[in-house]
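>>> Here is a sequence together with a model predicted from it:
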Amino acid sequence: MTGYRLKSGGAIDRGNPLTFSFDGRSMQGLTGDTLASALLASGEPLVARSFKYHRPRGIMSAGLEEASALVTIGRGAKATPNTLATTEELVNGLDAHSQHRWPTLRFDLGAINQAFARLFSAGFYYKTFIGPGKSPKSWLFYEHFIRRAAGLGTASRAPDPDRYESCEASCDLLVVGSGPAGLEAARIAADAGLDVILAERDFRLGGALLQEAGGIGSDSPQSWIEQRERQLGQAANVRILRRTTAFGLYDNCVTGFVERLAPDAKVRERLWIVRAKRVLVAAGAMERPLVFAGNDRPGVMLASAMRAYANRWAVAAGQRIVIATGNDSAYAAACDLARAGIPTLLLDARAEISRRLAQDCKAAGVELRLARVPLRAVGRTEIHAVEIGATDGSHAETILCDALGMSGGWSPTQHLLSQRGVKPVWNDALAAFLPGEAREPIRCAGASAGIWRAEDCARSGRAAGAEAARALGRSAPVEDFPAPGRWETPIRAWSFGGIKGKAFVDLQNDVTFEDVRQACAEGYDAPELLKRYTTLGMATDQGRTSAVNALAVIADARGRPLAEIGTTTFRPPFAPVSIGALAGAERDRHLLPTRRSPMHGALVEQGARMLETGLWLRPWFYPQGGETVDDAYLREMRLVREAVGICDVSTLGKIAVQGPDAGELLDRVYVNAFKSLPVGKARYGVMLRDDGIVMDDGTSWRVAEHEYFMTTTTAGAGKVMTWLEELLETRWPELRATVSSVTDQWAGASVAGPQARALLQSVLSDVDLSNEAFPFMGVREGRFQGMPCRIARISFSGELAYEVYVPADHGEILWRALLEGARVRGGGAYGLEALGALRVEKGHVGGPELDGRATLDDLGLGRMASAKRPFIGSVLRLRSDLQRRDRPQFVGLVPVARGETFKGGSILCEAGDESGHGLGWVTSVTESPSLGHWVGLGFVRGGLDAWRDRELVASDPIRGRSTRVRVVAPHFLDPEGARLHA
Amino acid sequence: MLRIHCPFCGERDHSEFIYGGDATVAYPDLSAPMEAWIDAVYVRSNPKGPHRERWQHSDGCRLWLIVERDTLTHAITRVEPARTAIAALLREPGR
């Protein structure tokens, strides 16, 4: 194939040449070119290697149906693989590369795969790697090599440096496609006053009309398009989006688009979510290739593509062209090429055609051969001849040519309708699927509805625009929808008679006619099965040009009409969408809120190292000098155990439960009783889900007859709030209780350690903190520097401890006062790391133990459950399987050799058997400065009853470590609670 | 891509709501037999057509709603507060 630029014509700007490169070679194109048209004009036949066999491939189309010419644009972090050369707008400096070849495009060692083609036929993977006697390991071994040998381009692993954005819009009528149908629909709808969005994939409006030489009525295509473009551009109620592909149509006519911005824009792509009242799909149709040997060779392309290159881009696909067809549409292509001065021979599989078509050929200088089909394209990296013959393969002869056009009929583009579950209806006379009836206000017009002639397309657009206007209460002229088709001679779409050699059905996935026949012979003869067995219709192409041809091959193999074979359902996206576009500006933190404790300023000022937990920033530890986290948390633990420590607990969820039935509500959601709790007392409570599994824990304080102050875990706050709201509104509307989140209203600190009472008393003068006046689990209200505060004597660490809450605005003042007092007493602040370690020493359950699988009994808390009264989960927690004694249950763990350490996440196994899932797992560990060795918590089958004082191995296969541990009760420190009650 | 018409906040994107399960399930008494609880928690029908669901307008008024949605077409035909007293009040504001 030796393409070249024609001397005149085309919608290109000959005064504005552009420089680009392909595989490092500098080339010239013109403004208005695509990468494909520029490559073709430069006489470049070979642009790609195929997916499986590394066959040389050229350009086979002029649009989105391209299955061969996939290239990588840009390099490094900016590289975009698998870009269609046929839709890529040419710009100055465009840097394109062929892909999936080594060492070069022309000399590709991977092409050796062709020699093993018999091995790679339909079902290769299944037959070779799966089945009786096939080890799954063989797949694991070969996968690496196979993945290297077959594939498309490679994505960059570097972060994408480009910017993306997203926006939402709504409109009355959304028109997808700006061919004659789309333009007319938009015009009529806009005239009627509708708010219209017109989306066009191309950088030019006009659709298929851009590819035609003849116009509509007396207008040339150019002037017809320009007139409408001007009119729509001036209308305030029309938005035109160019370079914009509709990739998905969803419920309620919500449509997703990707707009590729002009090359010099700051933003590369923009994602649109458009809510339309009605959608008109006027996305045109795609021409189908013919199936014959060598139909994938560089130089073989769709007849309509040859016509488009000649008319729109003034590029001749070759110097001697043969076009093969079985329908009327290729006659216009052949005549346009001949009139442009290119010697053109037209083969028609049909023995008879209308007199007008024959006259057209004669007038244009096209040589016409009837009842002839192509048997084989001759050539490897570019064709130089075609073998033709009768439809049964007889009467073979060879004709020299350097470009071969083909037209196997047309497939209306109905992917968006298919995504909505609209089943297309096969029309035998047109050899095409026509749109089925949609339940939603979605309509097809133009070639998408099987309407072939430009003036009919325009008319269908006017009819659809008027229909939309009337449906939305506007007045518009009534116009009839034209009938689909209207060719003069019936189509002959397929002849599979004389196929010898590799004839491709799916060019992108290298699936041949023989593969499809073989799959049918092996029983995979339904479209969805065939797709999975042969990969036909997969990857970026999604069977745009192959789906219908494959159905025809199946129909032929089964001897049944095509309509009985079925269809493929298309799913979003219609065209590949970059992850960048979907993410838009939502990269890194973007608008993710950062929740700061009301004490944040004071903590940071003090040098706290903060840690992100969920959305919260919490103090992790307070390094002194060059302390690491491990140094710091052990020191902070000692402060708490020996003097006094203060810790910010403002992040705990806090819910005000108010009303006469507040106690009844808590009685129903906690496993233990709260209605009987006196005012001025707090209680630790556990909540279950309906299914009897533990949901969350925390303390609730009765602050008044009709008011409780509930605290939840930091992570569980939102979940518990929603749960209580759900219960009150949907299950127990009779309860006179309300819940309000007050998490952000209160700042809280824990004050823990032998000196806790003295410290707290020093800042709160009006509350008697003595053991007699304020016993364990007591709740008091007082004043802190004139502000109301709430104090409860509760402990997470096992020490004498209080939680004190003040209005959020006073959080920092409280913190500073407590810190000063703590330091005076030899104490200080402790962070999250020490908080967690202290509770492990004490054996309290925390997040790692409340993992959504544990029951109350698993956690050793079964005795908390009220026996007298039912609560949420009280019935299902007694299911026999949840009561089994061999369930994993909560235990304490200590290393057998006291100096050894072990890690959370380790698997607990019996010594000598570290395979499989083991007998349990380690949830939390810490070094215990009080005990002088490491301690841990975990779950083991049968729990303490089965394992007390016995040895297990904490196996950490990821790090390749094992530690012998002894199972003990999960209370390492002060099990009697003497410190707590001091 | 549903739009739910919250009776208080107006028509909003479904991303403002959380789905809360099948509204045709009547949860039994807390002390009901185990079979009743197993039915309520685990047994669901999978109807094709109109269906009643619980949704919470979690990023809005936080009200729990009963949404009547067609599982086939996703058409939402009715939205009411789950609390029947509020629903009745909305229907007859004079009461």
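Yep, that arrived. Being a predicted model, the structure only gives us computed values, none of them experimental.
>>> just for the stretch 801-950 of chain A, where's the confidence low?
Nowhere does the stretch 801-950 of chain A drop to pLDDT under 70.
>>> For my notes, confirm A:L603 occurs in a strand.
No - counting by DSSP: H, G, I helix; E, B strand; the rest coil, A:L603 is located in no strand; its state is helix.
>>> Contacts only, for it.
When contacts are counted by CB atoms under 8 Å, 6 or more residues apart in numbering or on different chains, A:L603 touches A:597, A:610, A:619, A:648, A:815, A:829. Any C-beta I mention is one placed from the backbone N, CA and C, and that applies to glycine too.
>>> Chain B against chain A: which residues are in contact?
B:1-3, B:18, B:20, B:23, B:27, B:29-34, B:37-38, B:40-41, B:54, B:56, B:58, B:62-64, B:73-74, B:81-85 (CB under 8 Å from any CB of the partner chain).
>>> Selecting buried members of those in PyMOL, what would you type?
If you want just the buried ones from the residues of chain B next to chain A in PyMOL, going by 16 or more other CB atoms under 10 Å in any protein chain shown, the selection is:
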select buried, chain B and resi 1+2+20+23+27+30+37+40+41+54+56+58+63+64+81+82+83
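>>> Among the residues of chain B next to chain A, which are located in strands?
B:3, B:18, B:20, B:54, B:56, B:64, B:81 (DSSP state E).
>>> Tell me the one among these nearest to chain A.
The shortest gap between chain A and any of those belongs to B:W64, at 4.0 Å (CB to the nearest CB).
>>> And the pLDDT for that closest one?
B:W64 is assigned a pLDDT of 97 by the prediction.
>>> What residues are bridge-paired with it?
B:W64 forms beta bridges with B:Q56, as assigned by DSSP bridges.
>>> Is it in contact with B:E53, as I believe?
No - contact criterion CB atoms under 8 Å: B:W64 and B:E53 do not qualify, at 10.9 Å.
>>> Check the contact lists of the two and give me the overlap.
In contact with both B:W64 and B:E53: B:G20, using CB under 8 Å, 6+ apart.
>>> Only C-alpha atoms, please: export the helix or strand in which A:S166 is found in PDB.
Counting by DSSP states H and E, the element that carries A:S166 is strand A:163-176. The C-alpha trace of strand A:163-176 is given here as PDB (Å, rounded to 0.1, in the frame of the first residue of the first chain):
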ATOM      1  CA  ARG A 163      -5.100  17.000  35.100                       C
ATOM      2  CA  TYR A 164      -8.600  15.800  34.800                       C
ATOM      3  CA  GLU A 165     -11.900  17.200  35.900                       C
ATOM      4  CA  SER A 166     -15.600  16.200  36.000                       C
ATOM      5  CA  CYS A 167     -18.800  18.100  35.800                       C
ATOM      6  CA  GLU A 168     -22.500  17.500  35.800                       C
ATOM      7  CA  ALA A 169     -25.200  18.900  33.600                       C
ATOM      8  CA  SER A 170     -28.800  18.400  32.800                       C
ATOM      9  CA  CYS A 171     -30.800  19.100  29.700                       C
ATOM     10  CA  ASP A 172     -34.100  18.300  28.000                       C
ATOM     11  CA  LEU A 173     -32.700  16.500  25.000                       C
ATOM     12  CA  LEU A 174     -29.400  14.900  24.700                       C
ATOM     13  CA  VAL A 175     -28.300  14.100  21.100                       C
ATOM     14  CA  VAL A 176     -25.400  11.600  20.700                       C
END
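>>> Next secondary structure after it?
Past strand A:163-176, the next helix or strand by DSSP H and E is helix A:180-191.
>>> So what touches the helix or strand following that following helix?
Proceeding N to C from helix A:180-191, the next assigned helix or strand is strand A:196-199, under DSSP H and E. Outside of strand A:196-199, the residues within contact range by CB under 8 Å, 6+ apart are A:169, A:171-178, A:182-183, A:186, A:189-190, A:205, A:232, A:235, A:237-241, A:244-246, A:257, A:274, A:276.
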